[in-house]
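**Student:** Predicted coordinates and the sequence they were generated for:
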Amino acid sequence: MAETRIVRIRESVLRENRVQASILRKRLAASGVVMVNLMSSPGSGKTSIILHTIAALRERFRIAVIEADIDSTVDADKMIAAGVPAVQIETGGFCHVDAAMAQAAIQELPLNTLDVLFLENVGNLICTAQHDTGAHVNVAILSVPEGDDKPLKYPVMFQAADVVIVNKTDYMAIAEFDINAVRQRIAVLNQAVTILPVSCRSGEGIADWIEWLTARITSVAGNR
Amino acid sequence: MHELSITSAILKTVLRHARRQRAARVHRILLVVSELSDLQPVWMQHYFDRVSRGSIAERARLEIEHQAPQFACNDCSAGFAVSLRTVDRVVCPHCGSGSCTLTRRADYIVEEIEVS
């Protein structure tokens, strides 16, 4: 066998995706579109949050949705029924959306007639957080029945988020969920994050979320 | 499927550098993996063996070094590492403050490759 040699590389394997995501983010902003990426475990309420948000903001913004639910078109059908354009990404079993997949889906949408693009990521707390999609706003949803210990078990998600929606607060009484513990655990990972308790069922906190999101959309759109 | 996309990205990075070195064979790959990511070394090797089949990195051995997450204290600004596997709150080892910030994100770094 020929003599071997060691080559220093020191390169992140996620670098290429980060570069691609940053190009996409700039391109969207230049077209006046703000992309909002929603991440959570399966069943935490991504679709419900999007439907509530569409109902509240459809008069103000022109909205479309990218759906990335694995091998299912159920959620895309709900969006189309709500009257907004929806594109389904077939992730082919992949557990997250990366910048290249987001880019391909965006190609199918008329960007110049849109203001806000929601990306409903694959239900997964791990891989989704590690892959920059090119979104301007990253939303993590943690639902009360999942437990208040999630932030330190899935630190990357809570580090990547700009806002954490604590959904299903109507379960609070039966779930022994300590929201102050959640706040403390998230603060260790991410000091800039906003935490919003919400119940899609009772409507509690939805107005705060809409207000937060509207301010963020306006600020991203104003900075282009 | 997460392992598959990460190991494919590792292979891509390794092959690009190996070609630049005009290497005929990649024998070993040293990866520095943040403890914040959860991939099991045995599965990473398994997936790597699959994606690298037929390439010059076929049968290369993955050597994985885990790196504990790095924090900075917001009060005394000391830097320190803590494994989140063993604690449920982060406290600065120098001044005892509970107000700390994570300073390094989860990542997979190809640190070095051994080629011939």
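**Tutor:** Thanks, I have it.
**Student:** In chain B, which residue is most central in space?
**Tutor:** Centroid-nearest residue in chain B: residue B:33, 1.6 Å away (criterion: CA atoms, centre = their mean).
**Student:** Give the ranges of residues in chain A that sit below the confidence cut-off.
**Tutor:** For chain A, residues meeting the criterion pLDDT under 70 lie at A:1-2, A:69-74, A:92-93, A:223-224.
**Student:** Distance of residue B:33 relative to residue A:177?
**Tutor:** Distance of residue B:33 to residue A:177, computed by CB to CB, to the nearest Å: 32 Å. Quick note: C-beta positions are derived from backbone N, CA and C, even for glycine.
**Student:** Could you do residue A:32 as well?
**Tutor:** Distance from residue A:32 to residue A:177, by CB to CB: 39 Å.
**Student:** Now the spatially most central residue of chain A: phi and psi?
**Tutor:** Nearest residue to the geometric centre of chain A (CA atoms, centre = their mean): residue A:38, 2.0 Å. Backbone torsions for residue A:38, taken as degrees, to the nearest 10, come to phi -110, psi 120.
**Student:** Then residue B:78?
**Tutor:** phi -70, psi 150.
**Student:** before we move on, what about the one 3 residues further on?
**Tutor:** Summarising the backbone geometry of residue B:81 under the convention degrees, to the nearest 10, its torsions are phi -110, psi 140.
**Student:** Look up which residues are beta-bridged to it.
**Tutor:** Counting by DSSP bridges, residue B:81 is bridged to residue B:70.
**Student:** Where does pLDDT dip in chain B?
**Tutor:** B:1, B:88.
**Student:** hmm, the longest helix belonging to it in reach of chain A?
**Tutor:** Using DSSP state H to define each element, chain B has its longest helix at helix B:2-20. Yes: residues of helix B:2-20 contacting chain A under CB under 8 Å from any CB of the partner chain: B:2, B:5, B:6, B:9, B:10, B:12, B:13, B:14, B:17, B:18.
**Student:** I'd like the distance from the first one to residue A:178, if you could.
**Tutor:** By that I understand residue B:2. 30 Å.
**Student:** Residue A:204 touches residue A:167, doesn't it?
**Tutor:** No: Residue A:204 is beyond contact range of residue A:167, at 10.2 Å (criterion: CB atoms under 8 Å).
**Student:** Please enumerate the shared neighbours of these two.
**Tutor:** When contacts are counted by CB atoms under 8 Å, 6 or more residues apart in numbering or on different chains, residue A:204 and residue A:167 have residue A:198 as shared neighbours.
**Student:** For chain A, what lies in contact range of chain B?
**Tutor:** A:1-14, A:16-17, A:93-96, A:98, A:126-127, A:129-130, A:149, A:152, A:155-156, A:159-160, A:184-185, A:187-191.
**Student:** Out of those, which end up buried?
**Tutor:** A:7, A:9, A:11-14, A:16-17, A:94-96, A:98, A:126-127, A:129-130, A:152, A:155-156, A:159-160, A:184-185, A:187-190 (16 or more other CB atoms under 10 Å in any protein chain shown).
**Student:** residue ranges of the helices in chain B, please?
**Tutor:** Counting by DSSP H, the helices of chain B are B:2-20, B:41-51.
**Student:** Any idea how many residues pack against the spatially closest residue to residue A:210 that is not a sequence neighbour?
**Tutor:** Distances taken as CB to CB, 6 or more residues apart in numbering or on different chains put residue A:56 closest to residue A:210, at 4.7 Å, once the chain neighbours are dropped. Look at residue A:56: counted by other CB atoms under 10 Å in any protein chain shown, it has 16 neighbours.
**Student:** so where does residue A:56 fall, helix or strand?
**Tutor:** Secondary structure assignment for residue A:56, by DSSP states H and E: helix A:46-57.
**Student:** Now residue B:52, what are its backbone angles?
**Tutor:** phi -90, psi 0.
**Student:** dump the residue contacts of it.
**Tutor:** So residue B:52 contacts B:11, B:58, B:59, B:60 (CB under 8 Å, 6+ apart).
**Student:** In strands, which of those appear?
**Tutor:** Judged by DSSP state E, the subset of those located in strands is empty.
**Student:** what's the most distant pair in the residues you listed?
**Tutor:** B:11 and B:59 (12.6 Å; CB to CB).
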